[in-house]
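K.L.:
Give me coordinates for this.
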Amino acid sequence: MKVVIFDPYAGAAGDMFIASLIDLGADKRYVRDRMEEIGDELGGIDIEIHTDERGGIFGTKIDVASEEKKRSYREIISMIESSSLNFDMRKDVLDILDIFMEAEARVHSLKKEKVFFHNLGSSDTIVDIVGAVSAFYNLKMNEKTVLSLPVSIGGGIIDMGHGRMSAPAPATLEILRRFNVPMKYGPVESELLTPTGASILSHFVDSFIRYYSNFRVEKIGYGFGSKDLDVINALKVLSGELEEDLLIEEICLLETNVDDVTGELLGYLTGELINDGAMDVSIIPAMMKKGRIGSIIRVLCRKEDSLNLIHKIMRETGSLGVRYQPSLHRVIAKRSIEKIPVEIGGRIREVSVKVATDGIGNVVNVSCEFDDAKRVAKESNLPIKDVIALVDNEALRRYKIKKW
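P.N.:
I've put the predicted structure just below:
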């Protein structure tokens, strides 16, 4: 499976994304033209792309200087929609801007339109996003799986527009929270991850990994940042082949035993844990001490969600302790939702199916999505079990299942 892996060991910013992808092989003239098109509309821009050297490592550095020309939020949207970017690229640019503005709006309790000029500040942010998206599509990364290692956020005290506080910036932290991005402190006391960098990373990355696993490197790109740090300030990106049939993911296991909790409360807790980031929750009947009937609550989660989920379990159940296994591994298939036409009740209907594939694209399972089956059952006045059977049969006919 063709994959791209980002290694933000020194954080990430918009210019570092562009530079790393150009260093990986994106056409710098194409990327520059897309950036200048938007930059000129915003009031003028000067872009310099050059090879640089840090600590004996050669990579790419991009410097962007823009002139401010105040425009309304609607004008910015209109400008992007009328640009030469194709439909998918325009959508990605607008989606990344939306991530940025949603975070700032939440932090400052403002509407998006006011956030745009209150916090976005420089046209550089918009131009950086356009450049990153242009390089992404120029490399056809939209056709590959994009992975990332945990992102370094730096540390120490940083100067904000309204005072000083610890890194990262509130908007950056909000984006990391919203998209469950794994982060790590350091390796230097400086702001390493910007809101723009966090927005781009959270939008493009399909999954976060803790380490490289059976990965064959084909190309490497280094995008240098503007700060001089005690570490080489670069965003590293690797392109290559993942040689796993299935993906390996690191997870945590949480468990506790309870014997004085009602079924209603357990049902409520299950929903709350899922909403707070649990990957799976199981309630297992068990015989407890003194012959009491109880339950084992078992939760699978990501490491970064574990402490919050432990607190939730203890608070809701009154349990005095939760067993914690911090480093388990599970092998998973890649899943996607696809729509297929199926004749049901004398009509052709579009129904969603879940398609599971291994790391090299072999289909290992297909199944009807229950919510779609429920909808079609109501529309066709057929039993839901019959609808599911019809959809599953059609899905099995369309997809060749790999035999293990």
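
K.L.:
Give me the buried positions along the helix or strand harbouring Thr60.
P.N.:
If you go by DSSP states H and E, Thr60 is part of strand 57-66. By 16 or more other Cβ atoms under 10 Å, the buried positions in strand 57-66 come out as Gly59, Thr60, Lys61, Ile62, Val64, Ser66. All C-beta spots, glycine's among them, are computed from the backbone N, C-alpha and C.

K.L.:
Switch those over to TSV; also include distance to Phe370.
P.N.:
Output for the buried residues of strand 57-66, formatted as TSV (distance: Cβ to Cβ, whole Å):
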residue	distance to Phe370
Gly59	48
Thr60	48
Lys61	51
Ile62	48
Val64	48
Ser66	50
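
K.L.:
Gly44: which of those residues is nearest?
P.N.:
Nearest to Gly44 among the buried residues of strand 57-66: Ser66, at 6.8 Å, using Cβ to Cβ.

K.L.:
Go ahead and confirm that closest one touches Leu42.
P.N.:
Yes: here Ser66 reaches Leu42: they are 6.4 Å apart, a contact under Cβ atoms under 8 Å.

K.L.:
quick check: longest helix of the protein.
P.N.:
Secondary structure of the chain per DSSP state H: the longest helix is helix 87-108.

K.L.:
pLDDT (mean, whole number) over the helix or strand encompassing Lys312?
P.N.:
Secondary structure assignment for Lys312, by DSSP H and E: helix 306-317. Mean per-residue pLDDT for helix 306-317: 95.

K.L.:
Please enumerate residues in contact with it?
P.N.:
Residues outside helix 306-317 that contact it (Cβ atoms under 8 Å, 6 or more residues apart in numbering) are 252, 254, 256, 258, 261, 265, 268-269, 272-273, 276-278, 297, 299, 301, 319-322, 324, 326.

K.L.:
Narrow those to those in strands?
P.N.:
Those of these mapping onto strands are Cys252, Leu254, Thr256, Val258, Ile297, Val299, Cys301, Tyr324, Pro326, per DSSP state E.

K.L.:
In JSON lines, list those residues along with pLDDT, neighbour count and distance to Tyr211.
P.N.:
As requested, the ones in strands among the contacts of helix 306-317 are exported to JSON lines (pLDDT from 0 to 100; neighbours: other Cβ atoms under 10 Å; distance: Cβ to Cβ, whole Å):
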{"residue": "Cys252", "pLDDT": "93", "neighbour count": "21", "distance to Tyr211": "16"}
{"residue": "Leu254", "pLDDT": "97", "neighbour count": "23", "distance to Tyr211": "22"}
{"residue": "Thr256", "pLDDT": "97", "neighbour count": "19", "distance to Tyr211": "29"}
{"residue": "Val258", "pLDDT": "95", "neighbour count": "20", "distance to Tyr211": "35"}
{"residue": "Ile297", "pLDDT": "97", "neighbour count": "24", "distance to Tyr211": "29"}
{"residue": "Val299", "pLDDT": "97", "neighbour count": "26", "distance to Tyr211": "23"}
{"residue": "Cys301", "pLDDT": "94", "neighbour count": "22", "distance to Tyr211": "19"}
{"residue": "Tyr324", "pLDDT": "95", "neighbour count": "14", "distance to Tyr211": "21"}
{"residue": "Pro326", "pLDDT": "85", "neighbour count": "11", "distance to Tyr211": "15"}
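
K.L.:
of these, closest to Lys354?
P.N.:
Of all the ones in strands among the contacts of helix 306-317, Cys301 has the smallest distance to Lys354: 21.5 Å, by Cβ to Cβ.

K.L.:
quick revisit: elements contacting the longest helix of the chain?
P.N.:
Contact partners of helix 87-108 among helices and strands, from 3 or more Cβ pairs under 8 Å, 6 or more residues apart in numbering; DSSP states H and E: helix 73-81, helix 112-118, helix 123-138, helix 170-178, helix 195-204.

K.L.:
which one of those helices lies closest to Asp230?
P.N.:
Among the helices and strands packed on helix 87-108, the nearest to Asp230 by Cβ to Cβ is helix 195-204 (19.5 Å).

K.L.:
May I ask which helix or strand of the protein has the lowest mean pLDDT?
P.N.:
Between all helices and strands in the chain, the lowest mean by mean pLDDT, DSSP states H and E belongs to helix 112-118, at a mean of 61.
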